[in-house]
Structure formats: structure tokens, C-alpha cells
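In: Sequence and predicted model, in that order:
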Amino acid sequence: MRKLIVTTFVTLDGVMQAPGGPEEDTSGGFTHGGWTVPHFDEKVGAFMDATMGVPFDLVLGRRTYDIFASYWPNASEEEGAAPLNAATKYVASRGTPDLSWERSVLLEPDAVTAIRALKQEEGRELQVHGSSDLIQTLVTTDLVDEYRVLVFPVLVGRGKRLYGDGTAPQGLRLLDSQVSGTGVVMSRYATEGEARTGTFGG
């Protein structure tokens, strides 16, 4: 069976919108894009190299697919393009997008049904990057096996969040965690059934 792994950059207040640049995603009037850049050091780079240093395919929402497809097909191997271009790109979209990036496939008849079927196959792990709207669907339908969350030491206020208002309660188990020299906390969590609660006191 294939594991589905969500890797995401978030601010300390939980925003994942436009981590890489001011114009990446300005929807909703977001003006703080590029908040990862001052903190992206060698240790953060090593974490991402390890994440993407195994055979993988991609599961992407339409907006993230368009961002990736506008850059990676023409990027160099030195920039890390090879594994992304070699991956099969499974794209969630309610429309009929132009999937011109090589090895791109529309998830049909719908994303949830298609991803459930992909997870039953043998093959490469399925990695989700960006794709905030798609992640909300994956969380609420219990399709995520592991989260790799990089928390950056910055607050930006309003913006698209990793876990929205409709997030279903769920237990997580910490697999490992490390901190970069710039204060980025990089953690891996396995999903582990229902959220547990308790009480202090006699």
C-alpha cells in the first residue's frame, strides 16, 4: 500500500499561504508571501532533500499544480527539478485543467475516490505539497498517513491555514523533530486514530 504524506510550511499562527514569494498566492488580499525565505537555512534544505530524496509521486491541488508547472519543467537538476519532473503528478480539480506538464493525471471521478484507490496500490509514496484546499479534504476524509510540518518563527495573521474550521479530531504520534539554526521546527507525525482526551485532578 502507498502512504500519503503531507509536507507543509506553516507560520507559528498556522498560516500556510504563499510561503515562497509575494506573488505566489495573493487571494483574499494576502500580502505577506515569502515568509519562509529569511529562515531557509542549510538544515531546512537538508530536511527537504531527505523528504524528496526517495521515489515519490505528487498529489496536488489545481493552484499548486499551476505554480509548479510554470517553473519546474524548465528548472535545472541543480535546482532540484529532476525528481519533480520524474514524478507522476495526480491533480485534483473540479474543472478540466491543462495538464501539459509531463506525467500529469487528473484525479477522476473525484479526488477522494481516486486517492483511496491509489493508496491501495503498490508503488511510490504519495507526497502532497502546498495545496491548502486539497489538504482540508484529505484531513476530513482520513486519507493522510503522515504530516511533515515545518513551523517558521513568524506570525502573519489572516491567511489560508493548514487546519481549517472543519478539521476532524485525530490523534498524532511524533516520529521525530529537529530545529534549524534560524528557529524552524521540523517535525514528522504519524496519524494514530481518534484524538484522546483526559482530565487532571482526583
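Out: Received the coordinates, thanks. Numbers count the residues shown, from 1 in each chain.
In: partners of L126 in the sheet?
Out: Beta-bridge partners recorded for L126 (DSSP bridges): L4, D57.
In: what's the pLDDT at the residue lying closest to H39 once chain neighbours are set aside?
Out: Leaving out its chain neighbours, the residue that sits closest to H39 by Cβ to Cβ, 6 or more residues apart in numbering is T182, at 4.1 Å. Yep, even glycine has a C-beta here, placed from its N, CA and C like the rest. Note for T182: predicted pLDDT of 98.
In: Pretty sure T182 sits in a strand.
Out: No: looking at T182 with DSSP: H, G, I helix; E, B strand; the rest coil, it is coil, so not inside a strand.
In: That one contacts G45, correct?
Out: No: judged on Cβ atoms under 8 Å, T182 makes no contact with G45 at a distance of 11.2 Å.
In: With neighbour numbers in mind, choose between the two.
Out: T182 (15 against 12; other Cβ atoms under 10 Å).
In: residues near the residue lying closest to R116 once chain neighbours are set aside, how many?
Out: Nearest residue to R116, sequence neighbours excluded (Cβ to Cβ, 6+ apart): L143, at 6.9 Å. Applying other Cβ under 10 Å, we find 21 residues neighbouring L143.
In: Next up, the contacts around T88.
Out: Neighbour list for T88: D57, L58, R103, S104, V105 [criterion: Cβ atoms under 8 Å, 6 or more residues apart in numbering].
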